[in-house]
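Chemist: Sequence plus the predicted model coming up.
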Amino acid sequence: MLLTNRSKNLYQEVILDHNKSPRNYRAIEFPTHFAKGHNPLCGDKLDVYLIVDGEDVVQDVSFVGDGCAISKASASIMTTIVKGKSVDEAKELFTGFHEMATGKIEPSEDPKLRRLQVFAGVKDLPARVKCATLAWHTLDAALRNKQEISTE
Amino acid sequence: MNDSITKSKVTPARILEIRRDFPVLERTIQDKPLAYLDNAASTQMPRQVIETVSAYHSFHHSNVHRGVHQLSQEATDLYEGAREKLRCFVGASSLKEIIFTSGTTDAINLIAHSWGGMNVAKDDVILISNMEHHANIVPWYMLAKRTGAQIQVIPILDDGSLDMNRFSELIQQPNVKAVCVNHVSNALGSVNPVEEVCRMSREKGIRTVIDGAQAIGHFPVDVRSIGADFYAFSGHKMHGPTGIGVLYGRQELLEEMGPYKGGGDMILSVSFDNISWNELPYKFEAGTPPISQAVGLGAAVDYLNGLDRQLLSSYEDELLAYTTRRLMEIPGMQLVGTAAKKVSLNSFVIKGVHPHDIGTILDGEGVAVRTGQHCAEPVMDRFCIPATTRASMAFYNTFEEIDQLTDALLKVTELFDVTD
Ligand SMILES: Cc1ncc(COP(=O)(O)O)c(C=O)c1O
């Protein structure tokens, strides 16, 4: 099958896999942090749950929601990366991811972004940047104890 | 060969000839030829319109209805000439019934504000179909909030057609003041029986507000044979410019209505004690109007009148039938909106693939479609889907472009491993 390079860059195997079998796709009954994310442009909705311990380390993180492959895969990969990280590290990853998705930095500039590189392709698709960043915005909101965010 | 048969078909060569009038159709996207299938969002303009607008700016522009100088007279003549073209185009009786607005949305806001403000009170009922665009919902919702009136919904059937049985029951209620229905649904493609809706409403003394945004570009519209009290449409959906639209209203209703926006042109005289409104249609055209856009819209009318619209309408029917058939070859395909009477538009979902992903991949294949809720969230709720992908055609689209769409969709289902 011949797809244009742009689509191939974006819809890599990893993304398709996480879309099909998202990791940590469940609600956490008693989260310490929680937020609902919403992208009114496409109607995507995403809930992010966290358990952060006394040392500020993310013990558990999960998500539930409906959206396109990009937003679902982004949420899934995010949960696998953030688990076990400190809150500060998670916030740093969010900043780095955001800069990469908007084309401000190259993923190679930051080794921490290695596993997030698959999303670098969205920088060429302005309408899709928000799909990739929705989960991260929601995580950030949860960590700031803001319960609802909208990417608009 | 039978002459009547050769005459009653549009040939592929004729479509190619028409396509040459539309410069943008020659573009490539990602090195692929553009297949523009987003005509319900906005149609493309032919050279004839672009050149008329350009000539207006190059040689005739000034403000209208104001100066005694030659240019102002020329601009006024062109602007008013466009009004006459539109009057004729939709079969209105009088120029007083053709009000230039900035589009369908603006036109409906005008009706809800000016007519609604005077005629709708607490506990009155406004009937709105379940398939309306937000433009024919929100202004009525705002009116209902202001007045305490009530909004009731005319349901739609599973095939996306209007539930006429339920409609005939709903209009039996006392206090129904207005019925707001689109001529053609932008999300489903259904062509509604607006003649019947208007006739049944009229018998009950109920006013009809027909949103013609999606009809006007597809087939000839005659407001008097429809029997609408109000009929609204946008220039950019009939191969004209953006920023211009038309509100047709029956003169007797428009005469009674107060103005919408205040400013220059819509008044006869102003002092600080007393203002008298200008006559129709100027009463509703405050400020400097969209002059070049109106002139461009007039050129679009000329362009459409120069085509055989009935024949092109049947060509679009064939295109729709072909699109529907090809789409059914796609695994996981579910069409949303399968009414017997439709314009050339197909909304659909593919099992397990979000419309946004479809839209992005199609774009990579040169195919422009719309994905999302199409400003018609109640339709999405009715069919319990978050969004759809919509391929909407115009008379300049070809069977080859539908093949391009189908091939691209097959790539989507292969990538996402969709099976039936
Ligand atoms: C059925 C319908 N009504 C109203 C509108 C609004 O038109 P405009 O944005 O030109 O005011 C649209 C445009 O998408 C439409 O499809």
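Modeler: Alright, I've got the coordinates.
Chemist: So for residue B:407, what's the nearest residue that isn't a sequence neighbour?
Modeler: residue B:365 (7.3 Å; Cβ to Cβ, 6 or more residues apart in numbering or on different chains). The way it works is simple: take the backbone N, C-alpha and C, and place the C-beta from them, glycine included.
Chemist: try residue B:192
Modeler: Nearest non-adjacent residue to residue B:192 (Cβ to Cβ, 6+ apart): residue B:162, at 5.1 Å.
Chemist: Need phi/psi at that neighbour.
Modeler: With angles defined as degrees, to the nearest 10, residue B:162 shows backbone torsions of phi -70, psi 140.
Chemist: Could I get the contacting residues of the residue nearest to residue B:407?
Modeler: Residue B:365 makes contacts with A:3-4, A:7, B:30, B:32, B:404, B:407-408, B:411, as judged by Cβ atoms under 8 Å, 6 or more residues apart in numbering or on different chains.
Chemist: at 10 Å what do you get?
Modeler: A:2-4, A:7, B:29-30, B:32-33, B:35, B:404-405, B:407-409, B:411-412 (Cβ atoms under 10 Å, 6 or more residues apart in numbering or on different chains).
Chemist: picking that back up, look up how far residue B:187 lies from the residue nearest to residue B:192.
Modeler: 13 Å (Cβ to Cβ, to the nearest Å).
Chemist: Quick check: neighbours shared by the two?
Modeler: Here residue B:162 and residue B:187 have residue B:131 as joint contacts, going by Cβ under 10 Å, 6+ apart.
Chemist: more neighbours, those two?
Modeler: Set side by side, residue B:162 and residue B:187 show more neighbours around residue B:187, with 30 against 25, by other Cβ atoms under 10 Å in any protein chain shown.
Chemist: what does the stretch 251-400 of chain B have sitting close to chain A?
Modeler: Residues of the stretch 251-400 of chain B lying close to chain A (Cβ under 10 Å from any Cβ of the partner chain) are B:352-366, B:371-373, B:377, B:380, B:385-387.
Chemist: Mind doing that once more with 7 Å?
Modeler: For the stretch 251-400 of chain B, the residues in contact with chain A (Cβ under 7 Å from any Cβ of the partner chain) are B:354, B:356-357, B:360-361, B:364-365, B:372-373, B:386-387.
Chemist: In helices only, show me these.
Modeler: B:356-357, B:360-361, B:364 (DSSP state H).
Chemist: Need those residues in TSV (columns: pLDDT, neighbour count and distance to residue B:392).
Modeler: Formatted as TSV, these follow (pLDDT from 0 to 100; neighbours: other Cβ atoms under 10 Å in any protein chain shown; distance: Cβ to Cβ, whole Å):
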residue	pLDDT	neighbour count	distance to residue B:392
B:356	93	26	17
B:357	95	29	19
B:360	94	24	18
B:361	95	25	18
B:364	93	24	20
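Chemist: Any figure for the gap between residue B:104 and chain A?
Modeler: 22 Å (Cβ to the nearest Cβ, to the nearest Å).
Chemist: Point out where chain A drops to low pLDDT.
Modeler: Residues of chain A meeting the criterion pLDDT under 70: A:1-2, A:152.
Chemist: in it, which spans are strands?
Modeler: With DSSP state E as the criterion, chain A has strands at A:33-39, A:44-52, A:58-66, A:148-150.
Chemist: Make TSV from these and add distance to residue B:125 to it.
Modeler: Formatted as TSV, these follow (distance: least, Cβ to Cβ, whole Å):
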stretch	distance to residue B:125
strand A:33-39	33
strand A:44-52	33
strand A:58-66	35
strand A:148-150	33
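Chemist: Quickly list what residue A:65 is bridged to.
Modeler: Beta-bridge pairing for residue A:65 (DSSP bridges): residue A:46.
Chemist: related to what we said a few turns ago, hmm, which two among the contacts of residue B:365 are most spread apart?
Modeler: Using Cβ to Cβ, these span at most 18.7 Å, a distance reached by B:33 and B:412.
Chemist: quick revisit: among the contacts of residue B:365, who's most crowded?
Modeler: residue B:409 (29 neighbours).
Chemist: What separation do you get for that residue and chain A?
Modeler: Plainly put, residue B:409 is 12 Å away from chain A if you go by Cβ to the nearest Cβ.
Chemist: mind listing what that residue touches?
Modeler: Neighbour list for residue B:409: residue B:330 [criterion: Cβ atoms under 7 Å, 6 or more residues apart in numbering or on different chains].
Chemist: So it, which state does it fall into?
Modeler: Using DSSP: H, G, I helix; E, B strand; the rest coil, the structure places residue B:409 in helix.
Chemist: Now that we're looking at it, what pLDDT does it have?
Modeler: On the pLDDT scale, residue B:409 is placed at 98.
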